[in-house]
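**Student:** Sequence and predicted structure are below.
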2 protein chains.
Amino acid sequence: MRILVDAMGGYNAPEAIVNGSLDALKSQEGFDLTLIGDSEQINEILKNRKFSSSRLQVIHSREVITNEDLPTKAIRSKKNSSMVVGFNMLKEKQGDVFLSAGNTGALLTGALLILGRLKGVDRPALGAVVPTKAGKCLIIDAGLNSTCKPVNYVQFGIFGSAYMQGLFNKPNPTVGLVNMGTEAKKGTEVLKQAYTMLTESKLNFVGNIEGKDVPVGKVDVAVCDGYVGNVMLKFLEGAGSFFGAFLKGMFKRTIFTKISTLFVMKDMMAFRKMMDPSEDGGAPILGVNGIVLKSHGNSNDKTIKNVILKAYNLARSSVFDQIKENVDNMEVTDVEKRERKRWNFRNRKLRPKKSFEQFRSGKDG
Amino acid sequence: MRILVDAMGGYNAPEAIVNGSLDALKSQEGFDLTLIGDSEQINEILKNRKFSSSRLQVIHSREVITNEDLPTKAIRSKKNSSMVVGFNMLKEKQGDVFLSAGNTGALLTGALLILGRLKGVDRPALGAVVPTKAGKCLIIDAGLNSTCKPVNYVQFGIFGSAYMQGLFNKPNPTVGLVNMGTEAKKGTEVLKQAYTMLTESKLNFVGNIEGKDVPVGKVDVAVCDGYVGNVMLKFLEGAGSFFGAFLKGMFKRTIFTKISTLFVMKDMMAFRKMMDPSEDGGAPILGVNGIVLKSHGNSNDKTIKNVILKAYNLARSSVFDQIKENVDNMEVTDVEKRERKRWNFRNRKLRPKKSFEQFRSGKDG
């Protein structure tokens, strides 16, 4: 197995990326690693670490896509950037998984334009695993599609179920639709239709869930549009910081509370670790033709190491094949038939040559 | 001042409502109170408490709007329900503020149908105050409008600013737009337009905020649509339960940690109090012709007491007049002019006699 790493992505690149990669190679056997980026800079860091390994390969690329670049323009014009080179290598099967901490928009655009959507997938999505009272929950979509169609929620459920099953050994993961209340008739028209489609799907759908059900851990997979998903993901980060500050203040108050800190230090560290995004970094882009992980912009050595190990587990798992198979076998339910009819009607005159299957697969006829 | 209370609303009615009302009367001078509901049941509870006061009045109403009732139908058909009677009394100035823990949908529908929108208001909104690292933040809309137009966000900002200024003495409150990132060009088309309109408004608008900025306390007022607002509000509740369970587990582990609990007990109680929705219950419905507070369905004695005291403060404050004045004086910005033009165009043939002002005030011509 070969893991492709964008060495130039993120605020701490290339130092953190190269160092994290070396740490990952040291801690885990079973894969080779390709660093893509400015070979001069990369080799300088490698030299300092006095590291040489037959498992490490460096591929030189001249350009870098920065956070200021416009996604589509960057992917189209910077053909020799570390990100575009990485995507092309993944596409040409010169690697099994690609990860980057670079420009999120460009990474998503690259995944769509270079790798393309899986057959049958209408919209890919970003998944994000968050800690809960009961263990872990995958929020999907966590920020890729600000608005969605009903069919998207069902597909996000398929992606998410495969991910939680393949990566965390959750048998038949529970799926909930994030809504304003648990009743079936809640929310916008799109959410109501999504509810009906999810009920008719083969997923282990438990119905509508409210915001509180995510941190409480009521479901394994919480499906929502990217706007709501992104807000929840960030909200948890903020709430962690708020609660952390409260705890810190609490233990600092008197000499007795300061002594108390000693007894709970281990748990406090565990809490911090649980809430630390660098511990469980690496959000998968699901629904595209390849395995892609996005690490956050300010990833440090530790984050990169963990994301690489996650990429290793992900590439060994059956998640990708599961998604492919399940989307392909997605039952054409009554609701979808209606949607298909409406779609055909709507597009009758505008695009007469594009079939619903082409529409769903994202390929023009 | 007279506070009108729906004695039949909520899961614990009428016991909790009546008892909470008596507690409120005991703890605070300066207002009279009217309990609306089944006088037989109410008097039975009053008798048990051996309470008689010239400050308390009971108005009999036969019917009750339950949580199973359909909002619009209930408001229209159950003319003698405690909720409809309460709204009518508020409308006829037989009271200064009305509060209920009953069916949320019916309460909102009643506010719209019986009280009506304030002049210039397009859509009323539900506000919810949440604790943050920095103090308090008002989330508005917290669940009334699942989708919004750009102008709504500006008006929510006006409602929220007046509320935080009037009730919590925040001078010139900061307003943020909840989005998927802080850059100006983030989010859906509606959010982008709302951003421009907020920038051009007289509000102390600080720009887009992310989910994490709410619990961190970056702004005093977080404006968003009711779907996102509701999800955030509930998410905080769930996160509080998650963190609380973690703390409990932490202190239970060994004899030393159990002893430690003694030293931090006071702070732990303060934390629980801060996160307890019954401590700061009472979400205002803003933008309608009257002061209405919604208490949550499972309100207990303590919640009702606190909501009544909040209602007292709210009715004494200038919040209502401020909103009235500011919405009326809302500057017609370039963006709004464009929206107005588009609206006129869209409605040219359908409703030729309805002007934009009538559209905004919600009254048909």
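**Tutor:** Perfect, I can see it now. No experiment lies behind these values; they were computed from the predicted model shown.
**Student:** at contact distance from chain B, anything in the lengthiest helix in chain A?
**Tutor:** Counting by DSSP state H, the longest helix found in chain A is helix A:226-252. Yes - Helix A:226-252 is in contact with chain B by Cβ under 8 Å from any Cβ of the partner chain, via A:226-228, A:230-239, A:241-243, A:245-247, A:249-251. The way it works is simple: take the backbone N, C-alpha and C, and place the C-beta from them, glycine included.
**Student:** which of those count as buried?
**Tutor:** Neighbour counting by 16 or more other Cβ atoms under 10 Å in any protein chain shown classes A:226-228, A:230-239, A:241-243, A:246-247, A:250-251 among the residues of helix A:226-252 next to chain B as buried.
**Student:** Relative to chain B, which residue of the stretch 1-150 of chain A is the closest?
**Tutor:** Residue nearest to chain B within the stretch 1-150 of chain A: A:Lys133 (4.3 Å; Cβ to the nearest Cβ).
**Student:** In contact with that residue: list those residues for me.
**Tutor:** Contact partners of A:Lys133, counting by Cβ atoms under 8 Å, 6 or more residues apart in numbering or on different chains, are A:Pro215, A:Val216, A:Gly217, B:Ser241, B:Phe242, B:Ala245, B:Phe246.
**Student:** measure the third one to A:Lys248 for me?
**Tutor:** Spelled out, it's A:Gly217. Using Cβ to Cβ, to the nearest Å, we find A:Gly217 at a distance of 25 Å from A:Lys248.
**Student:** contacting residues around the closest residue to chain B within the stretch 251-365 of chain A?
**Tutor:** As assessed by Cβ to the nearest Cβ, chain B sits closest to A:Ser260 within the stretch 251-365 of chain A, at 3.4 Å. Taking Cβ under 8 Å, 6+ apart, we find A:Ser260 in contact with A:Phe251, B:Thr257, B:Ile259, B:Ser260, B:Phe263, B:Val264.
**Student:** Redo those as JSON lines? Include distance to B:Asn298.
**Tutor:** Listed next are the contacts of A:Ser260 as JSON lines, based on distance: Cβ to Cβ, whole Å:
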{"residue": "A:Phe251", "distance to B:Asn298": "33"}
{"residue": "B:Thr257", "distance to B:Asn298": "32"}
{"residue": "B:Ile259", "distance to B:Asn298": "35"}
{"residue": "B:Ser260", "distance to B:Asn298": "33"}
{"residue": "B:Phe263", "distance to B:Asn298": "33"}
{"residue": "B:Val264", "distance to B:Asn298": "29"}
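**Student:** Identify those among these that sit within strands.
**Tutor:** Among the contacts of A:Ser260, none falls in strands (DSSP state E).
**Student:** Could you tell me which of these belong to helices?
**Tutor:** Per DSSP H, these map to helices at A:Phe251, B:Thr257, B:Ile259, B:Ser260, B:Phe263, B:Val264.
**Student:** and A:Gly181, that one's in a strand?
**Tutor:** No - membership of A:Gly181 in a strand is not supported by DSSP: H, G, I helix; E, B strand; the rest coil, which gives coil.
**Student:** show me what contacts it?
**Tutor:** A:Gly181 is in contact with A:Gly187, A:Asn208, A:Glu210, counting by Cβ under 8 Å, 6+ apart.
**Student:** With distance to chain B, pLDDT and neighbour count as new columns, can those be given to me in JSON lines?
**Tutor:** Rendered in JSON lines, the data for the contacts of A:Gly181 read as follows (distance: Cβ to the nearest Cβ, whole Å; pLDDT from 0 to 100; neighbours: other Cβ atoms under 10 Å in any protein chain shown):
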{"residue": "A:Gly187", "distance to chain B": "6", "pLDDT": "88", "neighbour count": "23"}
{"residue": "A:Asn208", "distance to chain B": "12", "pLDDT": "97", "neighbour count": "23"}
{"residue": "A:Glu210", "distance to chain B": "5", "pLDDT": "95", "neighbour count": "22"}
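**Student:** all strands for the stretch 51-200 of chain A, in order.
**Tutor:** Secondary structure of the stretch 51-200 of chain A (DSSP state E, counting those that start in this stretch): strands at A:56-60, A:97-100, A:125-132, A:135-140, A:174-178.
**Student:** As a markdown table, those strands with mean pLDDT and mean neighbour count would be great.
**Tutor:** Compiled in a markdown table, the strands of the stretch 51-200 of chain A are given as follows (pLDDT from 0 to 100; neighbours: other Cβ atoms under 10 Å in any protein chain shown):
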| stretch | mean pLDDT | mean neighbour count |
| --- | --- | --- |
| strand A:56-60 | 96 | 16 |
| strand A:97-100 | 96 | 28 |
| strand A:125-132 | 93 | 25 |
| strand A:135-140 | 94 | 24 |
| strand A:174-178 | 98 | 25 |
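**Student:** Identify whichever of the ones you listed lies nearest to B:Met275.
**Tutor:** Nearest of the strands of the stretch 51-200 of chain A to B:Met275, taken as Cβ to Cβ: strand A:125-132 at 16.8 Å.
**Student:** what sits up against the closest one?
**Tutor:** A:108, A:136-145, A:152, A:155-156, A:159-160, A:163, A:214-217, A:226, A:229, A:232-233, A:236, A:274-275, A:280, A:283-287, A:294, B:242.
**Student:** what about the stretch 251-365 of chain A, any weak spots by pLDDT?
**Tutor:** A:277-280, A:331-365 (pLDDT under 70).
**Student:** run the last query once more with 80
**Tutor:** Applying pLDDT under 80 to the stretch 251-365 of chain A flags residues A:251-254, A:256-257, A:259-281, A:329-365.
**Student:** Up against chain B, what does it have?
**Tutor:** Contact residues, the stretch 251-365 of chain A versus chain B (Cβ under 8 Å from any Cβ): A:Phe251, A:Arg253, A:Thr254, A:Phe256, A:Thr257, A:Ile259, A:Ser260, A:Phe263, A:Val264, A:Asp267, A:Met268, A:Phe271.
**Student:** Quick one, which of these are buried?
**Tutor:** For these, a burial check counting by 16+ other Cβ under 10 Å picks out A:Phe251, A:Thr257, A:Ser260, A:Phe263, A:Val264, A:Asp267, A:Met268, A:Phe271.
**Student:** any idea how far stretch A:37-45 is from the chain center?
**Tutor:** Distance of stretch A:37-45 from its chain centroid, counting by Cα atoms, centre = their mean, to the nearest Å, is 28 Å.
**Student:** try stretch A:233-253
**Tutor:** Its chain's C-alpha centre and that of stretch A:233-253 lie 25 Å apart, by Cα atoms, centre = their mean.
**Student:** Can I get it in CSV? Just the C-alpha atoms.
**Tutor:** Output of stretch A:233-253 as CSV, limited to C-alpha atoms (Å, rounded to 0.1, in the frame of the first residue of the first chain):
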residue,chain,number,x,y,z
LEU,A,233,-18.8,20.5,14.3
LYS,A,234,-17.5,24.0,15.1
PHE,A,235,-20.0,24.4,17.9
LEU,A,236,-18.6,21.4,19.7
GLU,A,237,-15.1,22.8,19.4
GLY,A,238,-16.3,26.0,21.0
ALA,A,239,-18.3,24.3,23.7
GLY,A,240,-15.1,22.2,24.5
SER,A,241,-13.1,25.4,24.9
PHE,A,242,-15.9,26.9,27.0
PHE,A,243,-16.1,23.9,29.3
GLY,A,244,-12.3,23.6,29.5
ALA,A,245,-12.0,27.2,30.6
PHE,A,246,-14.6,26.6,33.3
LEU,A,247,-12.8,23.5,34.6
LYS,A,248,-9.5,25.3,34.6
GLY,A,249,-11.0,28.2,36.6
MET,A,250,-12.6,25.7,39.0
PHE,A,251,-9.4,23.9,39.9
LYS,A,252,-7.4,27.1,40.3
ARG,A,253,-9.6,28.6,43.0
